[in-house]
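build the 3D model from these lines:
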Amino acid sequence: MRVLVLIICALVGLTSCETPSEFEGNQPIDPNGWKSAEPVHFEFETHDTIQLHNFYIDVRNREDYAFSNIFFFVEMEFPNGKKSIDTVECLLANEHGQWLGNPTANLYDHEFLYQRAKQFPLGGRYKIDIRHGMRTDMLEGITDVGFKLTHTKP
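Predicted structure coming up:
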């Protein structure tokens, strides 16, 4: 009985160490393709200007996605209206063409750390627009794009 109680306490302790998402959003992409001029849009509010955060981009692709990587243009609008724009490359397959993400049926889920241990300079509402930066205007094979914000672990 004592061993069972210790195991349960250990499991509760381990799960309480997980860092919950402060924000998590996912947007489906049109099955006919993703136009480069059509961003996926996320908004969240934070007033925490002390805690450090990790930013993630989540991508889901089909097996018929034609590339081994994807480039994103990530635009963040701050509460004061100022903007920052980053270009991010995410590798979806290795040099042998094998998908790197977690497979589910014919879909592959990928989570990429976009920014590590960032501090928000201002409290308020932030807006994130993510566009694909591939050389084709209509990108086929991407089914979902997401954005996640977590607190960093101490």
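
so which strand or helix has the one residue sitting closest to the centre of the chain?
Against the mean C-alpha coordinate of the chain, by CA atoms, centre = their mean, the closest residue is Ile57 at 1.9 Å. Using DSSP states H and E, Ile57 maps to strand 52-62.

how far away is the residue nearest to the centre of the chain from Gly81?
Applying CB to CB, to the nearest Å, the value for Ile57 to Gly81 is 23 Å. C-beta here means a position set from N, CA and C on the backbone, and glycine is covered the same way.

next: Arg62.
Computed as CB to CB, the Arg62 to Gly81 distance reads 37 Å.

more neighbours: those two, which one.
Ranked by neighbour count (other CB atoms under 10 Å), Arg62 and Gly81 place Arg62 first, with 15 against 7.

pretty sure the more buried one contacts Thr143?
Yes: between Arg62 and Thr143 there is a contact under CB atoms under 8 Å: 6.1 Å.

any common contacting residues for those two?
Common contacts of Arg62 and Thr143 (CB atoms under 8 Å, 6 or more residues apart in numbering): Leu107.
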